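Enquirer: Generate coordinates for the sequence data below:
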Amino acid sequence: MTTYKEIRGKLIKKVTADPTPAANYEGEMWYNTTIGALKVAQQVASAWSSGPTSSSPATSGQTVWGAQTAAALAGGSFPAPAPALSTVVTVVQEYDGSSWTTVNAMSQARTVFGAAGPQTSSVVFGGRTSGNPFQYTDATEEYDGTNWTGGGALGNAAYYMGAAGTQTAAFAIGGLVQPSKTTTQIYNGSSWTAAPSLPTGTHASRGSGTTSATLLASAAPPAPKTISMEYDSSSWSTGNPTVTPAAYRGVSSLGGQTDSLLWGGEPFTAATEHYDGTNWSAEAATLGTPGSTTGGGGTGTTGLAAARSNPTPGTTTNRATEEFTAAFIGSKTVTSS
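Expert: Numbers count the residues shown, from 1 in each chain. Next up is the predicted model:
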């Protein structure tokens, strides 16, 4: 970083517009003649910012997927009197970066299910269909941004599965049907086929990437909460652990094996961390509303957190939306005091 000693007695560059920020520009100074200000390039820390709340009736178990400005939120459940204990819904909402809109519902009511692909070309699968008795489904549905159509049934039904990929190349990973499953399945747009098994059975793990370069991270017990695994189109390998020992976390579903985020989780936490293809590292940014969630949207630099369970169930905090911005090099006006 440039210091006063290094620039003393030297001319500072004059420009009519601020230069485009770059990673190697931190500490550089210039004088903007258009606005008459001395400027310096400095790093701006990563941050979460609040967005609008969704209006889904569900208070837990909703699955979120897609991009930060083109995401979907579907399903989930809300508490119900005994004997049902919970009501599972088919509601689907879309997010455009500024507001949530209710769109055509899924055919199958489901909660804690898997989803893959962008908002306008996605596939959902598995999940729980009732609270009591505890039932789950092998049903698959495809979404084109407007309508839902049925797809091929899962070979192994489960809920709390990890997910990755696209509508025509999707991964269903692990899941819960006591005990946690090691099975994985790949969807080709019409049917599911068995894929290589996980080295450790997991459920509530979060997937990101493609069916040939997949990242799977975090898990609910008995698997280690900090578990991290990668798939290379032929086999799974265990990678470096995550930083935060939490389960039921959010993930940047459109991230990838070398650029993904994890956030939140149980025990209820606001922690956020980033994966660079080798290691997990804590982000300066923390969620405004701690909690656990199913799925998540965005990439490793533009995450979307929406719909979560937290210590105040049944409130609007369960429907909170937050957007992540990665650290970047920005400019600041130098002032005297």
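
Enquirer: can you confirm Asn318 is in a helix?
Expert: Yes - if the criterion is DSSP: H, G, I helix; E, B strand; the rest coil, then Asn318 is within a helix.

Enquirer: Next, the contact list for it, please.
Expert: Contacts for Asn318 were tallied using C-beta atoms under 8 Å, 6 or more residues apart in numbering; they are 59-60, 291, 307-310, 312. From N, CA and C alone the C-beta is placed, and that goes for glycine too.

Enquirer: Swap in 7 Å and give it another go.
Expert: Residues near Asn318 by C-beta atoms under 7 Å, 6 or more residues apart in numbering: 59-60, 307-310.

Enquirer: Show me the two of these that sit farthest apart.
Expert: Ala307 and Asn310 (10.6 Å; C-beta to C-beta).

Enquirer: So for these two, which sits in the more crowded spot?
Expert: Between Ala307 and Asn310, Ala307 has the larger neighbour count (other C-beta atoms under 10 Å), namely 29 against 21.

Enquirer: That one contacts Thr321, correct?
Expert: No - when contacts are counted by C-beta atoms under 7 Å, Ala307 is not listed as touching Thr321 (8.3 Å).

Enquirer: okay, and the common contacts of those two?
Expert: In contact with both Ala307 and Thr321: Ser54, using C-beta under 7 Å, 6+ apart.

Enquirer: and Ser336, that's in a helix?
Expert: No - for Ser336, which was evaluated using three-state DSSP, the result is coil, with no helix membership.

Enquirer: Distance check, it against Ala37.
Expert: Using C-beta to C-beta, to the nearest Å, we find Ser336 at a distance of 12 Å from Ala37.

Enquirer: So which of those two has more stuff around it?
Expert: Residue environment comparison for Ser336 versus Ala37 gives the larger neighbour count to Ala37, 15 against 4, counting by other C-beta under 10 Å.

Enquirer: and the longest strand for this protein?
Expert: Scanning the chain for the longest strand, with DSSP state E as the assignment, gives strand 37-44.

Enquirer: how about it: buried residues?
Expert: With burial defined by 16 or more other C-beta atoms under 10 Å, the residues of strand 37-44 counted as buried are 39-41.

Enquirer: Now tabulate those in JSON lines and tack on pLDDT.
Expert: Formatted as JSON lines, the entries for the buried residues of strand 37-44 read as follows, by pLDDT from 0 to 100:
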{"residue": "Lys39", "pLDDT": "84"}
{"residue": "Val40", "pLDDT": "84"}
{"residue": "Ala41", "pLDDT": "82"}
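
Enquirer: so which of those residues comes closest to Thr269?
Expert: Taking C-beta to C-beta as the measure, Ala41 is the one of those closest to Thr269, at 32.9 Å.

Enquirer: Disregarding residues adjacent in the polypeptide, which is nearest to the closest one?
Expert: Leaving out its chain neighbours, the residue that sits closest to Ala41 by C-beta to C-beta, 6 or more residues apart in numbering is Tyr25, at 4.5 Å.

Enquirer: gap between that neighbour and Gly165?
Expert: Tyr25 sits 37 Å away from Gly165, going by C-beta to C-beta.

Enquirer: same question, Pro290
Expert: 29 Å.

Enquirer: Least confident secondary structure element in this protein?
Expert: When the helices and strands of the chain are compared on mean pLDDT, DSSP states H and E, helix 4-7 comes out lowest with a mean of 50.

Enquirer: Relative to the following helix or strand past it, what are the paired strands and their orientations?
Expert: Past helix 4-7, heading to the C-terminal end, the next element that is a helix or strand (DSSP states H and E) is strand 14-15. Strand 14-15 sits in its sheet next to strand 29-32 (parallel), going by DSSP bridges.

Enquirer: So for the partner strand, mean pLDDT?
Expert: Averaged across strand 29-32, the pLDDT comes to 85.

Enquirer: Enumerate every residue touching the residue nearest to Ala41.
Expert: Contacts for Tyr25 were tallied using C-beta under 7 Å, 6+ apart; they are 19, 41, 329.

Enquirer: Assumed Ile329 was part of a helix.
Expert: No - residue state for Ile329 (three-state DSSP) corresponds to strand; a helix is not indicated.

Enquirer: okay, now it: neighbour count?
Expert: The tally of other residues near Ile329 (other C-beta under 10 Å) stands at 17.

Enquirer: do Thr34 as well
Expert: Thr34 sits with 9 neighbouring residues when counted by other C-beta under 10 Å.
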